[in-house]
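> the sequence and its predicted three-dimensional model are supplied below.
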Amino acid sequence: MGQSRFFEGFLIGAIFGAVIAYLFGDSIKECTEEKIESVKDAVKLNNESPEEKVEKTLGAIEKGFDHITKVLEEKKNTNKG
C-alpha cells in the first residue's frame, strides 16, 4: 500500500511541475537570458588590460578627490558667509 501512495505522489508532483513550467516558462527564459547577458558583460570587463584597469581606477580616484575638494570649499564658504 505504501508503494501505491509513492507513485500517486510522484504522478501528482510531475503534473504539478509540468503545469508550473508551462505557466512560468517564458518569464524564466527571460530571466535566464538577462543573467547570461550580465555575465557576458562582466567577462568583457575582465578582458581589459591591467593598464586600462589602473587608468580607470586613477580616474575614479581623481574624480572622487575633486568632488571632496569641491564639497569642502562649499562648506568653508558657507561657514565664512
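Cool, got the structure.

> please tell me how far Glu48 sits from Glu55.
As judged by C-beta to C-beta, to the nearest Å, Glu48 and Glu55 stand 9 Å apart. Heads up, the C-betas are built off the backbone N, CA and C, glycines and all.

> equivalent analysis for Gly9, please.
61 Å.

> and the average pLDDT for the helix or strand where Gly64 lies is what?
Following DSSP states H and E, one finds Gly64 within helix 50-80. Average pLDDT, helix 50-80: 89.

> tell me how far it lies from the chain's centre.
27 Å (C-alpha atoms, centre = their mean, to the nearest Å).

> tell me what it is packed against?
For helix 50-80, there is no helix or strand it packs on, judged by 3 or more C-beta pairs under 8 Å, 6 or more residues apart in numbering; DSSP states H and E.

> at 10 Å what do you get?
Helix 50-80 is packed against helix 2-46, with contacts defined by 3 or more C-beta pairs under 10 Å, 6 or more residues apart in numbering; DSSP states H and E.

> got a pLDDT number for Asn46?
For Asn46, pLDDT reads 67.

> could you measure from Phe6 over to Gly59?
Taking C-beta to C-beta as the measure, Phe6 falls 63 Å from Gly59.

> same check on Val39?
Taking C-beta to C-beta, one finds Val39 at 25 Å from Gly59.

> no more questions from me, cheers.
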